[in-house]
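here is the input, now give the coordinates:
(one chain, ligands or ions: 1)
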Amino acid sequence: MSGPSIAVIGAGAFGTRHLAAYQSIGTPVRNLVEPDAATRERVAAEYGVARTYASVADLLAAGAPQAASVCVPGPAHRAVAVALLDAGVPVLVEKPLAATVTDAAAIVAAAERTRVLCQPGHILRHSPPHRALHDAIRAGRVGDVLAVSSRRDRPRTLSRLFPREHPALLTAVHDIDLAVWYAGAPVVEVRAAARTRPGSVTPVLVWAELRHANDVVSSLRNSYLLPEHTPNHTSDLVEVYGTDGVAHVDLSHPTLLVRGEPTEAPDWLLSPVDGGGALAAELRHFLGRIDGTQPTAVVPLADGLHVVRVAEAMVDSATAGGAVRRIPQTPHS
Ligand SMILES: NC(=O)c1ccc[n+]([C@@H]2O[C@H](COP(=O)([O-])OP(=O)(O)OC[C@H]3O[C@@H](n4cnc5c(N)ncnc54)[C@H](O)[C@@H]3O)[C@@H](O)[C@H]2O)c1
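Below is the predicted model:
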């Protein structure tokens, strides 16, 4: 088989999307790491992965792959990413870069120490509508950016599937990353509120106001309040206000919406089940960064750390009743 030897770490919901997307760009995955034996064997058979391992240590003992997608839960990102970087393996780390600022900073330190590529998996920067909006902004079509507003509603299912993950780190990281990208400047100040509902341990709603270094203001709203199994992406909206106009990406009208039981709206944009979409574009960029055909990072590693810093400040501000939290501006902020 030709092409680089790729490993996918974690064969869960998104790891399988990576497998399908690599396949769709003609770079089938040769190695799969998954501790759960039944999942490992089922997914390897489905995607024709030749070599399977129960741990990253086993994978590395058998020989380092040429690249890896890290698709394990956030709290495991640090151990997996640092082990791969230390072995010289370029990594695409799914969003968020890590579950805490401490872990994210450790990943950045490992990438700097080893000088090995680490790409934060902020997929929306690879999504055609968001790229088009970003291009329009950078071309000055709405003048100077004044404000960014975004809405991301998800079904209650998310609170059930991820009972301990705060929405700031689970989903709002997408909006923080887009706000930083569209504003063209890091966040310096955060104020947030979060609400829970009976039976949920973590919040089901988080609202935040961000101020960027260039005085752009961003307003982010995430909720997990839609009926169970409502398809994702059926409410996503990002608006950008500039001195000369307003522009938006509105995904709340999916191309196909079947309002039956269950309601269905196939994802054709981000990570379609049969591959392609923004995820395939992101993986192509990752491989291009490795072989040198993509000289410029779409998502600089420092932005991955900055997003986690802002998300953690949102959690902290909300816990403190909306107190303003300042984001330290370091070279890696
Ligand atoms: N970019 C996006 O839009 C998007 C969407 C969904 C998930 N994600 C991210 O993808 C990652 C995985 O999420 P998911 O929904 O697939 O989770 P999941 O729970 O469905 O799957 C995670 C898998 O990783 C395995 N795993 C756990 N620890 C491991 C380890 N040390 N080594 C190897 N495998 C390990 C688990 O057994 C499980 O099968 C998370 O970081 C998540 O935030 C990103």
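
whichever residue of the stretch 51-200 of the chain sits closest to the ligand: how many residues sit nearby?
The ligand sits closest to residue 94 of the stretch 51-200 of the chain, with a gap of 3.5 Å, by C-beta to the nearest ligand atom. No exception for glycine: its C-beta is placed from N, CA and C like everyone else's. Using other C-beta atoms under 10 Å, residue 94 has 24 other residues around it.

how many residues are close by the closest residue to it other than its chain neighbours?
Spatially, and ignoring its direct neighbours in sequence, residue 94 is nearest to residue 121 (4.2 Å; C-beta to C-beta, 6 or more residues apart in numbering). Neighbour count of residue 121, defined by other C-beta under 10 Å: 26.

do the same with the one 4 residues further on
The criterion is other C-beta under 10 Å. On that basis, residue 125 has 22 neighbouring residues.

ok, it touching residue 180?
No. Using C-beta atoms under 8 Å, residue 125 makes no contact with residue 180, being 10.1 Å away.

pull the contacting residues for the residue nearest to residue 183 when sequence neighbours are not counted.
Distances taken as C-beta to C-beta, 6+ apart place residue 216 nearest to residue 183, at 3.9 Å, with adjacent residues excluded. When contacts are counted by C-beta atoms under 8 Å, 6 or more residues apart in numbering, residue 216 touches 145, 146, 147, 148, 183, 184, 185.

and the fourth one, bridged to which residues?
When assigned by DSSP bridges, residue 148 has beta-bridge partners residue 218, residue 240.

any idea how far residue 269 is from residue 68?
Distance of residue 269 to residue 68, computed by C-beta to C-beta, to the nearest Å: 25 Å.

ok, the two, which is more surrounded?
residue 68 (30 against 21).

so the more buried one sits in a strand?
Yes. Under DSSP: H, G, I helix; E, B strand; the rest coil, residue 68 sits within a strand.

tell me where this structure has helices.
When assigned using DSSP state H, the helices of the chain occupy the ranges 13-24, 37-47, 56-62, 77-86, 101-114, 128-138, 157-161, 167-170, 172-183, 277-291, 301-319.

for the shortest one, buried residues please.
Neighbour counts using 16 or more other C-beta atoms under 10 Å place 167, 168, 169, 170 of helix 167-170 among the buried residues.

likewise for the fifth one?
Neighbour-count burial for helix 101-114, counted by 16+ other C-beta under 10 Å, picks out 101, 103, 104, 105, 106, 107, 108, 110, 111, 114.

who does it touch, helix- and strand-wise?
helix 77-86, strand 118-121, helix 301-319 (3 or more C-beta pairs under 8 Å, 6 or more residues apart in numbering; DSSP states H and E).

so which of the ones you listed comes closest to residue 291?
strand 118-121 (13.5 Å; C-beta to C-beta).

nearest to the ligand within the stretch 1-150 of the chain, name that residue for me.
residue 12 (1.7 Å).

burial count for that residue?
14.

again, but for residue 250
Counted with other C-beta under 10 Å, residue 250 comes out at 12.

how about the one 4 residues further on?
Counted with other C-beta under 10 Å, the burial measure for residue 254 works out to 18 neighbours.

was I right about it contacting residue 264?
No. Look at residue 254 against residue 264 with C-beta under 8 Å: they stay out of range, at 9.2 Å.

list the residues that contact both of those two?
Contacts common to residue 254 and residue 264, judged by C-beta under 8 Å, 6+ apart, are residue 231.

among the buried residues of helix 167-170, which are in reach of the ligand?
Among the buried residues of helix 167-170, no residue is within reach of the ligand (C-beta under 6 Å from any ligand atom).

out of those, flag the one nearest to residue 44.
Nearest to residue 44 among the buried residues of helix 167-170, with distances taken as C-beta to C-beta, is residue 170, at 27.3 Å.

and that closest one, how close does it get to residue 289?
Separation of residue 170 from residue 289 (C-beta to C-beta): 26 Å.

just residue 159 next, same as before
To residue 289, residue 159 is 35 Å away according to C-beta to C-beta.

residue 64 now?
17 Å.

what do you get for residue 79?
Separation of residue 79 from residue 289 (C-beta to C-beta) stands at 23 Å.

still on that earlier bit, I'd guessed the residue of the stretch 1-150 of the chain closest to the ligand sits against residue 71; true?
Yes. Using C-beta under 8 Å, residue 12 makes contact with residue 71 at a distance of 6.7 Å.

residue 79 and residue 289: which is more packed in?
A direct count of neighbours by other C-beta under 10 Å for residue 79 and residue 289 places residue 289 higher, at 20 against 14.

what sits closest to the more buried one if chain neighbours are left out?
residue 117 (5.6 Å).

quick one, what contacts the residue lying closest to residue 20 once chain neighbours are set aside?
Leaving aside its sequence neighbours, residue 20 sits nearest to residue 275 (C-beta to C-beta, 6+ apart; 4.1 Å). By C-beta under 8 Å, 6+ apart, the contact set of residue 275 is 20, 21, 22, 23, 24, 25.

let's see that with 6 Å instead.
Residues near residue 275 by C-beta atoms under 6 Å, 6 or more residues apart in numbering: 20, 21, 23, 24.
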